[in-house]
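Engineer: Starting from these lines, generate the structure:
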Amino acid sequence: MNPIKQGAVVFGGVCGFVVVQADRGMLPAWLQGYRSIPFGDKLGHFVLVGLLAFLINLALEARSIRIGGRVILSGSFYVSIGVLLEEFSQLAVPTRSFSLSDLVADFLGIWMAGIWVRRVCRGRIGAGSPGTPTL
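Structural biologist: A predicted model of the protein is given here:
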């Protein structure tokens, strides 16, 4: 497995760990520092989800899919589905609360990751497919 794919898998595992610990109400103290930063929670969503989308899109070599006439990066699509499922699952978890603003921060991170990965991959790996990826 190449280092980019390894990084995506490891970082995905870290994100999964954070979600599970938050669901259990047992987020480690070192991860709770975001509370002292204005908009720290939203910034965390933007950065963590954006980095996850960036790594997955790199691992998938910026492949895209067409949905409803729009071309979307595959990794961004997969991360978007995961984020939607995770955020809405919070409605059923007593220690968590659904937040539309968290979802917006997640999608902004995914969108920005799409811009960055297209710039990194331009001219190198299949990023020149027809249409403009939107996520």
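
Engineer: Now do the contacts for the residue nearest the centre of the chain.
Structural biologist: What sits nearest the mean C-alpha location of the chain, by CA atoms, centre = their mean, is Val49, with 2.8 Å. By CB atoms under 8 Å, 6 or more residues apart in numbering, the residues touching Val49 are 15, 79, 83, 105-106, 109-110. All C-beta spots, glycine's among them, are computed from the backbone N, C-alpha and C.

Engineer: Same list, those, but as CSV with secondary structure and pLDDT please.
Structural biologist: Formatted as CSV, the contacts of Val49 follow (DSSP: H, G, I helix; E, B strand; the rest coil; pLDDT from 0 to 100):
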residue, secondary structure, pLDDT
Cys15, helix, 93
Val79, helix, 98
Val83, helix, 97
Ala105, helix, 97
Asp106, helix, 97
Gly109, helix, 98
Ile110, helix, 98
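
Engineer: Quick one: buried ones out of these?
Structural biologist: 15, 79, 83, 105-106, 109-110 (16 or more other CB atoms under 10 Å).

Engineer: How about residues contacting whichever strand or helix holds Phe77?
Structural biologist: Using DSSP states H and E, Phe77 sits within helix 74-89. Helix 74-89 has contacts (CB under 8 Å, 6+ apart) with 19, 49, 52-53, 56-60, 63-65, 67, 98-99, 102-103, 106-107, 110-111, 113-114, 117, 133, 135.

Engineer: Return the subset of the residues you listed lying in strands.
Structural biologist: If you go by DSSP state E, these have 64-65, 67 in strands.
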